[in-house]
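K.L.:
Predicted model and sequence below, questions to follow.
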Amino acid sequence: MTGFLAALGRPVLAVLAAFGRVALYAVQTLASLVRPPFYTREFLAALLHVGWLSLPVVGLTAIFTGGALALQIYAGGQRFNAEAVVPQIVAIGMVRELGPVLVGLMIAARVTSSIAAEIATMKVTEQIDALVTLSTNPLKYLTVPRVLAGTLTVPLLVAVGDIIGIMGGFLVATGQLGFNKATYIQNTLDFLESADVVSSLIKGAVFGCIATLIGCYHGMASGRGAMGVGQATKTAVAAASILILAANFLLTSVMFGS
């Protein structure tokens, strides 16, 4: 019986320990953010990598999702003679949930993996040790610019994704389902509230912070050799994706639970 309980407890303790290490790493990153020096060049490079270069995948994901959402809502609405709700449901679905979550997952797939692989490779090739030798704090040089860039740019990506997703629904609804263009746009604008947009941007900031922080953490904690780099990348993407979905549930509960 004792052995069985120990076997159950070991993975639970391992998960709690992992959460504790990530939490400490996040606190250290936050503390380093308010202390000089600040590496502007690294921050600008991270802005380009996280933000601008992610636009194509975000745009394609959003427009196809918005179009598919319009088709699904129309098909489902036909069963209850409620086809007219397509613009309203597409708007609220994209802005409140699908936009932030899909952008967050795309960032986890693209940016988290890239950051984890890059930093893990630097660790394997002893470039991080070289930074320490040069009296440069790896946390401030590698983590802080990337986390700050992710926190600031992902909300903008979410806003772009929301707009493109709604446009995808608009194109399908007006071009294939017979909706009037002016009426569709008016229904969308009338139904959305400022709280929906604000919640979407807040989710984007949280998801961007999670994606970049987890990528940096697993890169720093990677093992040696090519296997360590691969394991760090795989674990980082999986952990970031799960945490983004969990954070989405918690944020939705707080903002719209009542």
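P.N.:
Thanks, I have it. Remember, predicted model here, so these are calculated numbers, not experimental data.

K.L.:
before we move on, what SS does residue 135 have?
P.N.:
The three-state label given to residue 135 by DSSP: H, G, I helix; E, B strand; the rest coil is coil.

K.L.:
pLDDT score for residue 258?
P.N.:
Residue 258 is assigned 63 on the pLDDT scale.

K.L.:
Where does the prediction get shaky in the chain?
P.N.:
Residue ranges of the chain with pLDDT under 70: 1, 4-6, 258.

K.L.:
which residues does residue 61 contact?
P.N.:
102, 103, 106, 161 (C-beta atoms under 8 Å, 6 or more residues apart in numbering). Just so you know, the C-beta spots here come from the backbone N, C-alpha and C atoms, and that holds for glycine as well.

K.L.:
Look up which helix or strand the closest residue to the last one other than its chain neighbours falls in, please.
P.N.:
Among residues not flanking residue 161 along the chain, residue 62 sits closest, at 4.0 Å (C-beta to C-beta, 6 or more residues apart in numbering). Counting by DSSP states H and E, the secondary-structure element that holds residue 62 is helix 55-77.

K.L.:
buried sites along that helix?
P.N.:
57-59, 61-63, 65-67, 69-71, 73-74 (16 or more other C-beta atoms under 10 Å).

K.L.:
For those residues, work out which two are farthest apart.
P.N.:
Spatially, the most separated pair among the buried residues of helix 55-77 is 57 and 74, at 26.5 Å (C-beta to C-beta).

K.L.:
what residue is smack in the middle of this structure?
P.N.:
Residue closest to the average C-alpha location in the chain (C-alpha atoms, centre = their mean): residue 104, at 2.2 Å.
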